[in-house]
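Asker: Structure, please.
(chains A and B)
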Protein chains: 2
Amino acid sequence: MTAPIRLALVGIGKIARDQHVPAIAANPDITLVACVSRSGETVDDLPSVPDLAALAASGIDVDAVALCTPPQVRYSAAAEAIANGWHVFLEKPPGATLAEVAALADAADAAGISLFASWHSRYAPGVAPARDWLAARTIGRVTITWREDVRVWHPGQAWIWEAGGFGVFDPGINALSIATHILPCPFLIERAVLDFPANRDAPIAARVDFRDTAGAPVAMDLDWRQEGPQSWDIVVETDQGTLRLAKGGAELTFPDGSTPMSHEGLHGEYPGLYARFAEIVQAGTSDVDVAPLRHVADAFLRGRRVTVEAFDE
Amino acid sequence: MTAPIRLALVGIGKIARDQHVPAIAANPDITLVACVSRSGETVDDLPSVPDLAALAASGIDVDAVALCTPPQVRYSAAAEAIANGWHVFLEKPPGATLAEVAALADAADAAGISLFASWHSRYAPGVAPARDWLAARTIGRVTITWREDVRVWHPGQAWIWEAGGFGVFDPGINALSIATHILPCPFLIERAVLDFPANRDAPIAARVDFRDTAGAPVAMDLDWRQEGPQSWDIVVETDQGTLRLAKGGAELTFPDGSTPMSHEGLHGEYPGLYARFAEIVQAGTSDVDVAPLRHVADAFLRGRRVTVEAFDE
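Answerer: All right, here's what the predicted structure looks like:
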């Protein structure tokens, strides 16, 4: 029984309050000790400081920070935290560029601290059983369909439409975080088409054709213009039937129509992430898988850009 | 004294004949034993086979292959070579995507063979002394200027203008291969602007603002529309004066105006590459640094795209 990890939460917005705070509260290995917020927000009457320098000067004993700030400012905060000797939990995506993530991973190694590049969708309840089942199968074809209404899910988020804001790859990277986790072979882009609204610097839709290293096609369809029923589905045809993951990994159906029994017993995404974070801190290791972000960068690198109708909210 | 590495050269074009063949001939640790060419080309009356499957079936004893084929088809050849147990020398860039390079590196590790992602500009004569000199300096500002006339240097190369053809980052990746090698700290993109001709799917110019992890700005200016004098320069301002690398690393000038004495004694780029390849094969290791390609992918990921005047040859 080791002492709980004393954690400060940085960036007290919706994701921090809705997901991080309850997951931390439910984890006996982690204790929330402070909040870091420019606007002075806090939770549960904990001390709140405006920035990491103030946290370091506060005298509060801190072992780790979780960064819930936007990706554009995440690197500098993470680098400062590592320099202070704090373990770091990064929200997804772990950086605005791949070079940022590589620099953080090297700095964490050199400092002997734990860095966690979290991918919350990997902890959706259907994902682990899907991965286990697929490990022993031969993959025939994979279809990834992520179609949602951006007006419903990202209202007023101007940054998401700027260059570097990822556009439809912001939800799409969740699909990629699941696919890279459950499929037994790595997969590689063969071609990609990215649809940019005439008045925006980020794509509203994309079609990416991958092939895995064993030869199976992996087709990904991302679209932010979906009205009516929304889709966050991964369908994997195998030599032993078709597996279906729906609702972003929450619902799993095996070829015989059965669904895994263990749904109720599972934690949910953020409790799973914090359990993993405590595990790597206690083990003195890091967990930094850049594969989902690398696919997004590769899609921008290789993809053909098409201009489509302007998008206004 | 180990037996020479028996090498087959794959893709017998201009780069193979001009650079690879003489460098191999001058290296006692490597013997060229065959050529692989769809069109039946060969050098020095060596056996020529159309593809790697034919090479494997030929009975010719091969230890390694050097791939001089275009980047779009390099992955499949490299994967096949690794599966055959051959060491692999990759021309730059090492893949069409970062995921390809990662998959090859993993496959090479698993097979126990050596993979070399070569960056020829790192073996230009000014590069090693520049790196040594900069290692002990504090960097103030770095300016990378790569301005050349695409009509002169890339006449008729249609693929370079296609999506995934990199455009002006095809020469620009040489600059990045030097900068990532000589600068003491990693550097990260803060902003990027990519100029796409209205009729092309790849950029003709780019301005990328990086900052190194110690805070120094690194400004890169790439332009394919340069007429008159051409520039392939890296200027590094330090606490002990300004170092200048010109002509793609061929010419180095220290702050006191001196140039290193050892130019004449150095090998040149491709002899240096083959010496390194022999070294890693004999040591049983790989040398795969993706940093230059990662910066290019990051520039496409984060960069704002601007449409400029159509380009016709």
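Asker: A:A99 - that's part of a helix, no?
Answerer: Yes: judged by DSSP: H, G, I helix; E, B strand; the rest coil, A:A99 forms part of a helix.
Asker: can you count the residues close to it?
Answerer: 24 (other CB atoms under 10 Å in any protein chain shown). Bear in mind the C-beta positions are built from the backbone N, C-alpha and C, glycine included.
Asker: That one and chain B, how far apart?
Answerer: Separation of A:A99 from chain B (CB to the nearest CB, to the nearest Å) stands at 5 Å.
Asker: show me what contacts that residue?
Answerer: Residues counted as contacts of A:A99 (CB atoms under 8 Å, 6 or more residues apart in numbering or on different chains) are B:186-189, B:291, B:294-295, B:298.
Asker: What of A:D109?
Answerer: Contacts were defined as CB under 8 Å, 6+ apart; by that measure A:D109 touches A:S286.
Asker: Compute the inter-axis angle for the host helix or strand of it and helix B:98-111.
Answerer: For A:D109, the host element (DSSP states H and E) is helix A:98-111. Counting by axes from the mean of the first three to the mean of the last three CA atoms, to 10 degrees, helix A:98-111 lies at 40 degrees to helix B:98-111.
Asker: just the CA coordinates of helix A:98-111, formatted as PDB?
Answerer: What follows is helix A:98-111, C-alpha atoms only, in PDB (Å, rounded to 0.1, in the frame of the first residue of the first chain):
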ATOM      1  CA  LEU A  98       4.100  14.900 -33.000                       C
ATOM      2  CA  ALA A  99       7.400  16.600 -32.300                       C
ATOM      3  CA  GLU A 100       5.900  18.100 -29.100                       C
ATOM      4  CA  VAL A 101       5.000  14.600 -27.900                       C
ATOM      5  CA  ALA A 102       8.400  13.200 -28.700                       C
ATOM      6  CA  ALA A 103      10.100  16.100 -26.900                       C
ATOM      7  CA  LEU A 104       7.900  15.500 -23.800                       C
ATOM      8  CA  ALA A 105       8.600  11.800 -23.800                       C
ATOM      9  CA  ASP A 106      12.300  12.300 -24.000                       C
ATOM     10  CA  ALA A 107      12.100  14.900 -21.200                       C
ATOM     11  CA  ALA A 108      10.100  12.600 -19.000                       C
ATOM     12  CA  ASP A 109      12.500   9.800 -19.500                       C
ATOM     13  CA  ALA A 110      15.500  12.000 -18.700                       C
ATOM     14  CA  ALA A 111      13.700  13.300 -15.500                       C
END
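Asker: Go through that helix and flag the buried ones.
Answerer: For helix A:98-111, a neighbour-count test (16 or more other CB atoms under 10 Å in any protein chain shown) marks A:98-105, A:107-108, A:111 as buried.
Asker: Closest one to A:G172 out of the residues you listed, please.
Answerer: Nearest to A:G172 among the buried residues of helix A:98-111 is A:L98, at 16.2 Å by CB to CB.
Asker: Contact residues of the stretch 201-313 of chain A facing chain B?
Answerer: A:201, A:213, A:291, A:294-298, A:300-305 (CB under 8 Å from any CB of the partner chain).
Asker: Give the PyMOL command for selecting the buried subset of these.
Answerer: In PyMOL syntax, the buried subset of these is picked out as below (16+ other CB under 10 Å):
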select buried, chain A and resi 201+213+291+294+295+296+297+298+300+301+302+303+305
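Asker: Which of the residues of the stretch 201-313 of chain A next to chain B fall within strands?
Answerer: When DSSP state E is applied, those are split such that A:304-305 fall in strands.
Asker: now for the residues of the stretch 201-313 of chain A next to chain B, which pair is the farthest apart?
Answerer: A:D201 and A:T213 (33.1 Å).
Asker: can you tell me which residues contact A:P171?
Answerer: A:146, A:148, A:153, A:222, A:224, A:232.
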